[in-house]
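Student: here is my input; please provide its structure:
(one chain, ligands or ions: 2)
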Amino acid sequence: MGDISSGSSNSCVKIPDIKFTKLFINGEFVDAVSGNTLETIDPRNGEVIARVAEGNKDDINLAVKAARRAFDHGPWPRMSGYERGRVMMKLADLIDEHVEELAALDTMDAGKLFERGKSLDIPEAAHCLRYYAGAADKIHGATLKMSSAMQGYTLREPIGVVGHIIPWNFPTTLFFMKVAPSLAAGCTMVVKPAEQTPLSALYYAHLSKLAGIPEGVLNVVTGYGHTAGAAIASHMDIDKVSFTGSPEVGRLVMQAAATSNLKPVTLELGGKSPLIIFDDADVDTAAELAIEGGLYNKGEICVAGSRVLVQEGIYEKMTRKLVEKAKNWVVGDPFHPDVQQGPQVDKQQYEKILSYIKSGREEGADLLVGGEPCGEKGYYIAPTIFSDVKDDMKIAKDEIFGPVMSLMKFKTIDDAIQRANATRYGLAAGIVTKNIDIANTVSRSIRAGTIWINCYFAFDCDAPVGGYKISGFGREQGLDGLYAYTQLKSVVTPLYNSPWL
Ligand code: NAI
Ligand code: MG
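Tutor: Ligands and ions are numbered 1, 2, ... in the order given. You can find the predicted model right below:
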């Protein structure tokens, strides 16, 4: 493994002061009703970065009241889409002005690479805002072709007060993947960031006020899932919930929605995505895609290519290349520009990953590289590759959410399709081949929401993402991601010669 400089931060990076630690409700930073706070921990060393307000049901109630008032009586849903778009553009500009500070917050909170935050996560959040800002004045209905002497059209209206429950692996990206389209639609909202990563969300709340988003439109309540999160899911006055996280909690959210006010939910619940490499692939390109697909963001990404299916003709060669790459992969302080992998987000995730590695060994998979923690402190795990992984092993079935890759050998195209689909999940898949017929056949046969051909992680604001099977349902990004925050209303009226008149 490469350099380990865990714990100490690189001296060239200015570690920001933590400016915002309170709940943001109705345009003001306030303490939790209970006065309680929770610790947010630096995964580089296990030390406390800051204490932030611990919101619970009482605080969610206050935030929902503010959001309801802003929706029912405030200017945001009533102003033109063009005006909303202009405010959102301003927020995007403010994000651009604070890229380093925002990237540093996510690095401290989640162990994410600072350089990637600066070049990708934070600028892409501004991009996402601008994409939806540009759509805010183009939310059209349709003119209906009525069969009798009637006139009909549809209106797309904002769905109302939205609850967003966000995980810790992409605190900025997922915040805006939910907040930007719902703002554009004219909704008001309560956002609950993950308890592990509350810092950037509170900063975005501050910037939203500077940008001119009116009070009550965007409320941020930090707190735990079983208290604050559950209060969102079961709230009678929230009109829709958007959740990203584990299938276990996704089920609870859906149950709470079902037994409260039957609010619709969008659920994005992770995956066990296959990257399928065919014999004709360029081995260097394929190896690069596989290593990024498996290790990017320390494997803590819902679309990780955690099952790498390689055709038998290049299996040995590919294995050698991947092992070499994993050995040279630099694990260490995520503030350091040369580091490729920081610490796992917290102790719980770190222990979960190590227990999967143990089970892979016990079930007879061949451990080629890694398999151990690394560094003297913090939650670092060496990039890990198992070979000869069978479909029924736990490491092949469960989402590990860590830097653990399973290599599997296949013979034919049908074999590849069958094994790629042999999972309860269906979020994404990658295909590496030069043969267009193989690419077309396989991409249409895989039951997953996103297929990347000769690329991986090729996200774009305009490309919808979401799951088949237990990866969830509903789509985010693209115009589908915007319509998810609208209600569709049909308006019908008789024409002059109608029998109704
Ligand atoms: P989680 O599903 O518990 O947490 C995600 C969010 O849901 C957090 O904001 C949390 O506070 C909230 N939450 C937790 N319990 C809740 C409840 N009862 N009602 C409402 N909200 C609740 O995920 P966790 O425990 O952090 O990670 C466990 C596993 O889940 C990971 O190892 C990974 O496999 C998967 N995961 C998938 C993600 C994805 O991108 N789809 C993101 C995070 C985790
Ligand atoms: Mg949990």
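Student: just say helix, strand or coil for Gly430.
Tutor: strand (DSSP: H, G, I helix; E, B strand; the rest coil).
Student: element containing the closest residue to it other than its chain neighbours?
Tutor: Nearest non-adjacent residue to Gly430, counting by CB to CB, 6 or more residues apart in numbering: Leu275, 4.0 Å away. C-beta here means a position set from N, CA and C on the backbone, and glycine is covered the same way. Here Leu275, judged by DSSP states H and E, is contained in strand 274-277.
Student: return the set of buried residues in whatever helix or strand comes next after that strand.
Tutor: Next in sequence after strand 274-277, counting helices and strands by DSSP H and E, comes helix 283-295. Within helix 283-295, the residues that count as buried by 16 or more other CB atoms under 10 Å are Val283, Ala286, Ala287, Glu288, Leu289, Ala290, Ile291, Glu292, Gly293, Gly294, Leu295.
Student: go on, stretch 236-252?
Tutor: 237-245, 247, 249-250, 252.
Student: quick one: mean pLDDT for the strand holding Leu275?
Tutor: Regarding strand 274-277, the rounded mean pLDDT is 98.
Student: is the residue of the stretch 51-200 of the chain with the smallest separation from ligand 1 in a helix, a strand, or coil?
Tutor: Residue nearest to ligand 1 within the stretch 51-200 of the chain (CB to the nearest ligand atom): Pro167, separated by 3.3 Å. Secondary structure assignment for Pro167 (three-state DSSP): coil.
Student: 146 is where my numbering starts, stick with that
Tutor: Right, with 146 as the first residue, what we last looked at is Pro312.
Student: in contact with the closest residue in space to it that isn't next to it in sequence: list those residues for me.
Tutor: Counting by CB to CB, 6+ apart, Pro312 lies nearest to Gly390, which is 4.7 Å off, once chain neighbours are set aside. By CB atoms under 8 Å, 6 or more residues apart in numbering, the contact list for Gly390 reads Ile310, Pro312, Gly370, Glu413, Leu414, Gly415.
Student: residues in contact with the helix or strand where Ser504 lies: which ones?
Tutor: Here Ser504 is covered by helix 492-507, with elements defined by DSSP H and E. Residues from elsewhere that reach helix 492-507 (CB under 8 Å, 6+ apart): 191, 444-445, 488-489, 512, 515-516, 518, 524, 526, 529, 531, 534, 538-540, 543, 545-549, 551.
Student: which of those residues count as buried?
Tutor: 444-445, 488-489, 515-516, 518, 524, 526, 529, 531, 534, 538, 540, 543, 545-549, 551.
Student: how close does Phe423 get to ligand 1?
Tutor: 28 Å (CB to the nearest ligand atom, to the nearest Å).
Student: can you pull the contacts of Asp425?
Tutor: Neighbours of Asp425 in contact, by CB under 8 Å, 6+ apart: Thr578, Lys579, Asn580, Ile583.
Student: and the residue of the stretch 446-595 of the chain nearest ligand 1?
Tutor: Nearest residue of the stretch 446-595 of the chain to ligand 1, counting by CB to the nearest ligand atom: Cys447, 3.3 Å away.
Student: find me the pLDDT at that residue, would you?
Tutor: pLDDT recorded at Cys447 is 98.
Student: in three-state terms, how would it be classified?
Tutor: Three-state assignment for Cys447 (three-state DSSP): coil.
Student: please, where are all the helices along the stretch 496-645 of the chain?
Tutor: Ranges of helices within the stretch 496-645 of the chain are 539-542, 558-565, 581-590, 623-628, based on DSSP state H, counting those that start in this stretch.
Student: TSV for the ones you listed, including distance to ligand 1 and mean pLDDT?
Tutor: What follows is the helices of the stretch 496-645 of the chain, written out as TSV (distance: least, CB to the nearest ligand atom, whole Å; pLDDT from 0 to 100):
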stretch	distance to ligand 1	mean pLDDT
helix 539-542	12	98
helix 558-565	19	98
helix 581-590	22	98
helix 623-628	15	98
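Student: flag every buried residue along the helix holding Ser504.
Tutor: The neighbour-count check on helix 492-507 (16+ other CB under 10 Å) flags Gln494, Tyr495, Ile498, Leu499, Tyr501, Ile502, Gly505 as buried.
Student: what's the answer for stretch 519-535, then?
Tutor: Residues of stretch 519-535 classed as buried by neighbour count (16+ other CB under 10 Å): 519-520, 523-532, 534.
Student: and the nearest residue to Gln296 once chain neighbours are set aside, what is it in contact with?
Tutor: What sits nearest to Gln296 in space, not counting adjacent residues and going by CB to CB, 6+ apart, is Thr638, at 5.2 Å. The contact partners of Thr638, by CB under 8 Å, 6+ apart, come to Met295, Gln296, Gly297.
Student: now do the contacts for the last one.
Tutor: Gly297 is in contact with Thr288, Leu289, Met291, Ser635, Val636, Val637, Thr638, counting by CB under 8 Å, 6+ apart.
Student: how about these in TSV, adding distance to ligand 1?
Tutor: Listed next are those as TSV, based on distance: CB to the nearest ligand atom, whole Å:
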residue	distance to ligand 1
Thr288	39
Leu289	38
Met291	42
Ser635	33
Val636	36
Val637	39
Thr638	43
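Student: what's the lowest-pLDDT member of the residues you listed?
Tutor: Between the contacts of Gly297, the one the model trusts least by pLDDT is Met291, at 92.
Student: burial count for that residue?
Tutor: Burial of Met291 is recorded as 15 neighbouring residues (other CB atoms under 10 Å).
Student: pretty sure it sits against Pro639.
Tutor: No. At 9.8 Å, Met291 does not count as touching Pro639 under the criterion of CB atoms under 8 Å.
Student: give me the pLDDT value at Ser293.
Tutor: pLDDT, Ser293: 84.
Student: chain neighbours aside, what residue packs nearest to it?
Tutor: In space, and not counting its chain neighbours, Ser293 is closest to Ser643: 6.9 Å by CB to CB, 6+ apart.
Student: how about Leu627?
Tutor: Closest to Leu627 by CB to CB, 6+ apart is Pro326, at 4.4 Å.
Student: can I take it that that neighbour is in a helix?
Tutor: Yes. Applying three-state DSSP, one finds Pro326 inside a helix.
Student: show me the contacts for it.
Tutor: By CB under 8 Å, 6+ apart, Pro326 lies in contact with Tyr277, Ala280, Glu621, Gly626, Leu627, Ala629, Tyr630.
Student: now with 6 Å?
Tutor: For Pro326, the contact set (CB atoms under 6 Å, 6 or more residues apart in numbering) comprises Tyr277, Gly626, Leu627, Tyr630.
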